[in-house]
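Asker: Give me a 3D structure for the following:
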Amino acid sequence: MESARTGSELSPSAAEGPAIAGTISVAPELRGRVSDSDTLFIIARKGAGGIGPLFAVKRITGPHFPLEYRLGAGDVMMAGTAFEGDVHLSVRLSKSGAAGPGEPGDLEGEHPGQVPVGARGVNIVIARVR
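Answerer: Numbering: from 1, shown residues only. Below you'll find the model as predicted:
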């Protein structure tokens, strides 16, 4: 499991290679629903509309917001898969910590449209309750 880290705390090896980076925040009306026991999943899918196969996932336990993130080659689902192309990014703040499909009460957000690997400033707001 990865703990929440900011970009300035990343080791030199973790900061190498193509990546997508930005900040995840929580809409003001949902901040009271966030707890230290939540688990954040940053999910990248290939294909338009976020309905393609899982490409990369990062799991962060006990995140604090706003959270700077970096999604890179170390987060791909299948080892040896190149971290390249365009992806759809979404986030889910899981109350149970389960990696499967979202559950009622989870908080979610997504970046509109596709994002090219290498993009910076890809900010996402958690703005809805499942």
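Asker: So which residues of this protein form strands?
Answerer: Secondary structure of the chain (DSSP state E): strands at 2-3, 19-26, 39-45, 54-61, 67-72, 86-94, 107-110, 115-116, 124-126, 128-129.
Asker: Quick one: closest of those strands to Gly80.
Answerer: strand 54-61 (13.0 Å; CB to CB). The C-beta positions use only the backbone N, C-alpha and C, and glycine is treated the same way.
Asker: CA atoms only: put the closest one into CSV for me.
Answerer: Output of strand 54-61 as CSV, limited to C-alpha atoms (Å, rounded to 0.1, in the frame of the first residue of the first chain):
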residue,chain,number,x,y,z
LEU,A,54,-8.4,-0.9,-16.2
PHE,A,55,-5.0,0.3,-17.2
ALA,A,56,-3.4,1.7,-14.0
VAL,A,57,-4.5,2.0,-10.4
LYS,A,58,-3.0,3.7,-7.3
ARG,A,59,-4.3,3.0,-3.8
ILE,A,60,-3.7,5.5,-1.1
THR,A,61,-4.8,4.8,2.5
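Asker: just to revisit the earlier point, mind checking the strands of the chain for the one nearest to Gly100?
Answerer: The closest of the strands of the chain to Gly100 is strand 86-94. By CB to CB, the value is 9.2 Å.
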